[in-house]
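J.: Output the structure for:
(chains A, B, C and D)
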Protein chains: 2
Amino acid sequence: MPRAGLDPAAVVAAGAALADEVGLANLTMGLLAERLGVRTPSLYKHVGGQEDLNRRIATLALGEAADAIGGAVQGYAGRDALAAAARAFRAFVLEHPGRYGATIGVEPHGPDDPLAVAGRRSLGAFRAVLRGYDIAEPDVDHALRMLRSLCHGFATLQAANGFQWSADIDESFEWLISFADRGLRAM
Amino acid sequence: MPRAGLDPAAVVAAGAALADEVGLANLTMGLLAERLGVRTPSLYKHVGGQEDLNRRIATLALGEAADAIGGAVQGYAGRDALAAAARAFRAFVLEHPGRYGATIGVEPHGPDDPLAVAGRRSLGAFRAVLRGYDIAEPDVDHALRMLRSLCHGFATLQAANGFQWSADIDESFEWLISFADRGLRAM
DNA sequence: TCCCCATGGCTAATGTTGTTAGCTAAAAGC
DNA sequence: GCTTTTAGCTAACAACATTAGCCATGGGGA
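T.: Purely as a prediction, here's the structure:
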């Protein structure tokens, strides 16, 4: 019985990668165990179960998304920052649909939940973009929600193949960035 | 053995209602059968299985959404139409989170799939709103995708309790409608 | 160096859920 | 009234998540 040398982080990382490959809905404990060269019940030594695994994948994903967006925005402001953030977000969702899907519908257990921390961090990356615009304080929260809805909606619709008809999707996304930029500058 | 008098439509309607009650993830064939006063395997006389049931619920939901939005828009144009459509859409998602959730990630099997027909119909309701603005033809598809992303993103984020912090959510949504209206009028 | 014990792996077993097979009685058509 | 279709049933099976309980590994202390 040679040891596999697993730990929670390795299990979560493999779970996230597998979710991206086969889709979150097809991520099964048995499949993940097989991928890790281990029998299914062994996973329970590292994660609490499927719900806990999903939570941890979501936390990982939100942290990675925050890094990706934050990194992309570095050195830019205004329209350039907005475009960089939006593109980085969409790229992340399209490259990692499984782990991003894990973030939908999970709620933090409290303000100290790592999930909540990662969520605030990724929100902060978007909030930084808004500092490049001249937005009155009471409007900032609304603008943030608008940006988030726009990016989340577009990326998830595309990931789910929700855009059926002809027009080019990349072009639509660039159009959408311009639309948001014009609106924010006009405030 | 008295007959229950079921048919596919009744099963799908009950499934949609149950999904709204307990959440799509908790919609189980056994629970639905119990709700209908029937044993689980009997459901398979009316629907092909869980995937088929989900598809049919999605089709129902898209049709209902199209009706709700189309009805709300009647007699309005421009900003009023946009606001009516957006509010009707969000109300539908919040009142029927289960059946709306069923629409996410399902793909039509072809252009004649009832799912595709219902999808085009609900899209048409949004497209009608855009006719009240002066938008150049090549921009219409992009604007449509923008509207859809905005409404879908906002409604699903709210349904998943994705908006944590303080600001009032209804107020944010109204703000978002104004934002979109200003942007569309400025084209 | 040797022992010990915490721990990560295993097998076996259980409960839940989706699904199929095959039977039977109720309805519907002639 | 007889036949045919069919909607319901029971029984059974397969996949999956999870728990219980066993045992070997391997690191830390005597």
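
J.: Run through the residues that contact the residue nearest the centre of chain A.
T.: When CA atoms, centre = their mean is applied to chain A, the residue found nearest the centroid is A:Y100 (4.4 Å). Contacts for A:Y100 (CB atoms under 8 Å, 6 or more residues apart in numbering or on different chains) come out as A:A61, A:A65, A:F92, A:V93, A:A155, A:T156, A:A159. Every residue, glycine included, has its C-beta placed from N, CA and C.

J.: One more: A:F126?
T.: A:I69, A:A85, A:L144, A:L147, A:R148, A:C151.

J.: Next one: it from A:R79, what distance?
T.: 15 Å (CB to CB, to the nearest Å).

J.: so A:A4 touches A:L43, yeah?
T.: No - between A:A4 and A:L43 there is no contact under CB atoms under 8 Å: 10.6 Å.

J.: The two: who's more crowded?
T.: A:L43 (23 against 11; other CB atoms under 10 Å in any protein chain shown).

J.: From A:N54, how far off is that one?
T.: 13 Å.

J.: Output the below-cut-off pLDDT ranges for chain A.
T.: A:1 (pLDDT under 70).

J.: need the residues of it near chain B, please.
T.: Proximity of chain A to chain B (CB under 8 Å from any CB of the partner chain) is limited to residues A:104-105, A:107-108, A:116, A:119, A:139, A:141-143, A:145-146, A:148-154, A:156-157, A:160-167, A:171-172, A:175-176, A:179-180, A:182-183, A:186.

J.: Using ChimeraX, define a selection of the buried residues within the residues you listed.
T.: Command for ChimeraX that selects the buried part of those, burial taken from 16 or more other CB atoms under 10 Å in any protein chain shown:
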select /A:104,105,108,116,119,139,141,142,143,145,146,148,149,150,151,152,153,154,156,157,160,162,163,172,175,176,179,180,183
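
J.: Just the ones of the residues of chain A next to chain B in helices?
T.: Per DSSP state H, helices hold the following members of these: A:116, A:119, A:139, A:141-143, A:145-146, A:148-154, A:156-157, A:171-172, A:175-176, A:179-180, A:182-183.

J.: among these, which are within reach of DNA strand D?
T.: Among these, no residue is within reach of DNA strand D (CB under 7 Å from any atom of the strand).

J.: Can you name the residue of chain A nearest to chain B?
T.: A:G153 (2.5 Å; CB to the nearest CB).

J.: OK, contacts around A:D141?
T.: B:W165, B:S166, B:A167, B:S172.

J.: Pull up the gap between the last one and B:P41, please.
T.: This means B:S172. 47 Å.

J.: What of the second one?
T.: Per CB to CB, B:S166 is found 50 Å from B:P41.

J.: Same check on the third one?
T.: B:A167 sits 50 Å away from B:P41, taking CB to CB as the criterion.

J.: Distance of the residue nearest to the centre of chain A relative to A:A159?
T.: 8 Å.

J.: quick one: common contacting residues for those two?
T.: Counting by CB under 8 Å, 6+ apart, the residues touching both A:Y100 and A:A159 are A:V93.

J.: Give me the distance between A:I177 and DNA strand C.
T.: Going from A:I177 to DNA strand C by CB to the nearest atom of the strand, to the nearest Å gives 41 Å.

J.: what sits against that residue?
T.: So A:I177 contacts A:L82, A:A83, A:A86, A:R87 (CB under 8 Å, 6+ apart).

J.: ok, the second one - how many residues close by?
T.: Meaning A:A83. That count, for A:A83 with other CB under 10 Å as the rule, works out to 20.

J.: any idea which helix or strand carries it?
T.: helix A:78-95 (DSSP states H and E).

J.: same for that helix, what does it pack against?
T.: helix A:50-73, helix A:114-130, helix A:137-159, helix A:169-185 (3 or more CB pairs under 8 Å, 6 or more residues apart in numbering or on different chains; DSSP states H and E).
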